[in-house]
Structures are given as C-alpha cells and as structure tokens.
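Novice: Pasting the sequence and the predicted model now:
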Amino acid sequence: MALPPLVEPAPELTPHEVQRYARHLTLPGIGHEGQRRLKNARVLVVGAGGLGSPVLLYLAAAGVGTLGVVDSDVVDESNLQRQVLHGTPDVDRAKTASARDAVERLNPLVHVQEHDLRLDAATAIETLRGYDLVVDGTDNFATRYLVNDACVLLGLPLVWGSIYRFDGQTSVFWADPPAGSGYEGIHYRDVFPTPPAPGTVPSCAEGGVLGVLCGAIGSVMANEAVKLITGVGEPLLGRLLTFDALTTRWREITVRPDPDRAPIGDLADIEIACAVPAPTPLPAGLVISARRLAERIAQRALGADDFDLVDVREPSEHAEVAIPGARLLPRGGFIDGSAFATLDRARPLILHCASGIRSAEVLAIARAEGYDVVHLEGGILAWASQPAPPS
C-alpha cells in the first residue's frame, strides 16, 4: 500500500536531465513525473558516515534536487573502511565539505546544503525545518532521539537506520502520515521508548562494524527515501527490517504505536543520559601512565621488574592492536570469576582496555579479591598516542 507522493513535481526536465535519468524515466511508477518529484525534493541526511555515505551517493545519483548534510566531525583514517563518501585525501577535512565535493563530483545538478554542526535542542528544529524528509544515519542514541522528536514536532517523515558489528536495522517513522492513507502514525519512541542506560551499549569503535554492512542498510534507506518522495511502492512504515550479514538473512518485524507513550513536548538534550560515562577518577596509586608503563615494560625485559600485564578487551580488539607483552583476559572473565584461576595473587597486576572504562571496572573487582593492581590511564588510546621513543 503506497503513500501519496511526498513532493510536488518540478517543472519539466531539461534534455540533459532526460539523458542522465533515462533508466528512471522508463520505470513504471517513476517516469518523468517521479523524476520531477525527485528534482524538487529537499532531503536532509543526518550523519555523513557509514550509513550517510551510501544514502547521499544514491540520492545524488537518483537526482534529488537538494541534499542537506549534517555532521560536526572530520574525516578520520579509520572511517575509510566503511565511509565510502570520503577518500584518503579527505582525512582531517570536515565531513560536510568532503560530502559536498563527493556529491558534486557524482551529480553537479544536485545542490548540497552543509550543516557543519552537532544537532542539539537549540538547533534541531531550525536545521530540519524546510526539508521534506529526514534520513537518520547517526551513530549515537542522543541524536537519534533528538532527530525523531524534531521530526514529530515538524510532522516530517523519518527514514532511520542503525548498524553494529554484523547486524543492521532500518525502518520508516512518521508520527502523522497523510489522513486516509491506511497507515498508523508511529515514531522511534514507539519501538525504543527510552535511551539505554549509560555504559550498557559499546560504541562502534569498541564493538566494530563490518564495512560493507553500511552499504546494505544504507541502500535500503535510500530506496525508502525515493519511494516516499515519488509515492511508489510500499514504505517500511510500521515495519522494522533487520539484517544479519553473517547468515545473509533479512527479518521483518511489525511495529505498532505505543498507546502509553508520552507526547513530545519541548526538545531536550539527552546526550549525557546516552553517553558512555567517563572513567571515575581514581587515586594516583591505582593508575599508571602510558609513559610509566613503557618504562616498566623495558625494565621487565631486563629482569629488573615483574608484573602481569592484562588486556581486558575482547579478542577481536586485542588482535587488531595490543601492547607488547600483554595477555588477553576479557572483562567477562573477571565478572564471572573465571579469570582469577589464571592469575598469581602474589604478582602485581596491570590492567588495560581501550580507554580506561572497562579496566577501571575490572580493577575494582580485582582489588576486592585482594590483588595488587593498577590500570592504564586512558587505555590503549593513550598508549598509542604517546611519542615514539628516540631511535
């Protein structure tokens, strides 16, 4: 069951546009009129990262007339494994600028509006206002709830997607679809009523993400945007699609409005509630700096020091990068107690993780068991950023 087209048609296509979009013009349900709707459409893509990359590229190729891009980040080399919008020369550039250049290279007929900012309660409404459709490809819960709430207040449809490790999800939310369309109004909070508790959801940096998964989910998101703009096909409104890249299986879950949901009032920033908390400061005697750890590792190699250096991250993280001489005992083993069978209580223990959050937690557990233990301040991120020793 299709929805009415979201956008009115633009004036007639130019000969150049007819040639460029020829494969669309012969498609039933799109044709010249649908292409003119795409030309007249204004779509805001929140996030120019893993999901935003394929969304922006495919919507630009499809001929969406105006693409807005929201992102406050710069391109990092670690982004290039999945964020195909950017290339090696774009490292350290603003993602919005890199996205603009990529879109213009692909289709100079598309106008790109840059929003080089981090959405918050003060900027969300004005940033989203004036667009026909919003596509949310963000990687944090704070922005997802904020974008949803702003779309509810503005009456805008929202195409949403999420990825983590080998799994992806996508759906369409619209709190107020056209009357008589046969669709119930539903939004993100019907499916995910409240943000997760602080610290319960690891970031993509900690958990990883399969690069090509972004293309699978992002392509579906772009497809939903085209369908909404042109009024062709059956949208994902009321359905949530999940994808398991390891088994190549898609599942569809029916979603309904939550009768007990609270109405959306004024926008509020919930970043603190969603963010992974910073490590609680510990006394100086319980932490070791990256520089001091390097000195102790060198002394241990000469037989002048002895300690057990333990990495409490997951095996995949340890395989990617590890401190020399560290052995892997994941955090879960300390929580269930199994890790202690491999430790010598009389030997000093130095723990580390990615940033210091998990190792601080494990430190508290090990101290309660009577171990002489410290943890690496700032984790392996601090270790990797320290200056190289003189040659």
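Specialist: Looks like it arrived, so ask away. Not measured: the values here are computed from a predicted model. Residues are numbered from 1 along each chain as shown.
Novice: Please make it C-alpha for all contacts and neighbour counts, starting now.
Specialist: OK.
Novice: Test my guess that residue 323 contacts residue 380.
Specialist: Yes: here residue 323 reaches residue 380: they are 7.4 Å apart, a contact under CA atoms under 8 Å.
Novice: If you count surrounding residues, which of those two has more?
Specialist: residue 380 (20 against 17; other CA atoms under 10 Å).
Novice: separation between the spatially closest residue to that one that is not a sequence neighbour and residue 22?
Specialist: Nearest residue to residue 380 in three dimensions, chain neighbours excluded: residue 354, at 4.9 Å (CA to CA, 6 or more residues apart in numbering). To residue 22, residue 354 is 50 Å away according to CA to CA, to the nearest Å.
Novice: Same question for residue 104.
Specialist: 20 Å.
Novice: more crowded one of residue 354 and residue 22?
Specialist: residue 354 (25 against 14).
Novice: hang on, the earlier thing: SS state for the residue nearest to residue 380?
Specialist: Look at residue 354: counting by DSSP: H, G, I helix; E, B strand; the rest coil, its state is coil.
Novice: Also residue 113?
Specialist: Per three-state DSSP, residue 113 ends up strand.
Novice: who are the neighbours in contact with the closest residue to it other than its chain neighbours?
Specialist: Using CA to CA, 6+ apart and skipping residues adjacent in sequence, the residue nearest residue 113 is residue 68, 4.5 Å away. Counting by CA atoms under 8 Å, 6 or more residues apart in numbering, residue 68 touches 42, 43, 44, 45, 112, 113, 114, 115.
Novice: Quick check: closest non-adjacent residue to the last one.
Specialist: In other words, residue 115. Using CA to CA, 6+ apart, the nearest residue to residue 115 is residue 70, at 4.7 Å.
Novice: try the third one
Specialist: Using CA to CA, 6+ apart and skipping the chain neighbours, the partner closest in space to residue 44 is residue 68 (4.3 Å).
Novice: tell me the SS of that neighbour?
Specialist: Per three-state DSSP, residue 68 ends up strand.
Novice: From residue 114, how far off is it?
Specialist: For residue 68, the distance to residue 114 equals 6 Å [CA to CA].
Novice: tally of neighbours for residue 16?
Specialist: Residue 16: 9 neighbours (other CA under 10 Å).
Novice: Report pLDDT for it.
Specialist: On pLDDT, residue 16 comes in at 97.
Novice: Tell me, how many residues neighbour the residue nearest to residue 115?
Specialist: Residue 70: 27 neighbours (other CA under 10 Å).
Novice: For stretch 282-290, buried residues please.
Specialist: Buried residues in stretch 282-290, counting neighbours by 16 or more other CA atoms under 10 Å, are found at 286, 287, 288, 289, 290.
Novice: Likewise for stretch 212-229?
Specialist: Buried residues in stretch 212-229 (16+ other CA under 10 Å): 212-215, 217-229.
Novice: Next step: these restricted to helices.
Specialist: Among these, the residues falling in helices (DSSP state H) are 212-215, 217-229.
Novice: What is the neighbour count of residue 46?
Specialist: Number of residues near residue 46 (other CA under 10 Å) recorded here: 26.
Novice: that older thread, how about CSV for the contacts of residue 68, with neighbour count, distance to residue 260 and pLDDT added?
Specialist: Shown next, in CSV, are the contacts of residue 68 (neighbours: other CA atoms under 10 Å; distance: CA to CA, whole Å; pLDDT from 0 to 100):
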residue, neighbour count, distance to residue 260, pLDDT
42, 23, 33, 98
43, 26, 31, 98
44, 27, 30, 98
45, 27, 30, 98
112, 23, 40, 98
113, 17, 38, 98
114, 17, 38, 97
115, 19, 35, 97
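Novice: Switch those residues over to CSV; also include distance to residue 235.
Specialist: Shown next, in CSV, are the contacts of residue 68 (distance: CA to CA, whole Å):
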residue, distance to residue 235
42, 18
43, 16
44, 18
45, 18
112, 26
113, 26
114, 28
115, 28
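Novice: Domain map for this protein?
Specialist: Domain segmentation of the chain under automatic domain parsing yields 15-274, 284-385.
Novice: a markdown table please, covering these and showing distance to residue 7.
Specialist: As requested, the domains of the chain are exported to a markdown table (distance: least, CA to CA, whole Å):
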| stretch | distance to residue 7 |
| --- | --- |
| domain 15-274 | 6 |
| domain 284-385 | 46 |
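Novice: now, of those domains, which is deepest in the fold?
Specialist: Among the domains of the chain, domain 15-274 has the highest mean neighbour count (mean count of other CA atoms under 10 Å), at a mean of 19.
Novice: which stretches of the chain have low pLDDT?
Specialist: By pLDDT under 70, the weakly predicted segments of the chain are 196-207, 270-281, 387-391.
Novice: residue closest to the middle of it?
Specialist: Centroid-nearest residue in the chain: residue 139, 2.0 Å away (criterion: CA atoms, centre = their mean).
Novice: For that residue, give me phi and psi.
Specialist: Per-residue torsions, residue 139: phi -120, psi 20 (degrees, to the nearest 10).
Novice: Skipping adjacent residues, who's closest to it in space?
Specialist: Residue nearest to residue 139 in three dimensions, not counting chain neighbours: residue 162, with 7.2 Å by CA to CA, 6+ apart.
Novice: Secondary structure element holding that neighbour?
Specialist: strand 158-164 (DSSP states H and E).
Novice: Would you mind pulling up the elements that that strand packs against?
Specialist: strand 133-136, strand 167-173, helix 211-230 (3 or more CA pairs under 8 Å, 6 or more residues apart in numbering; DSSP states H and E).
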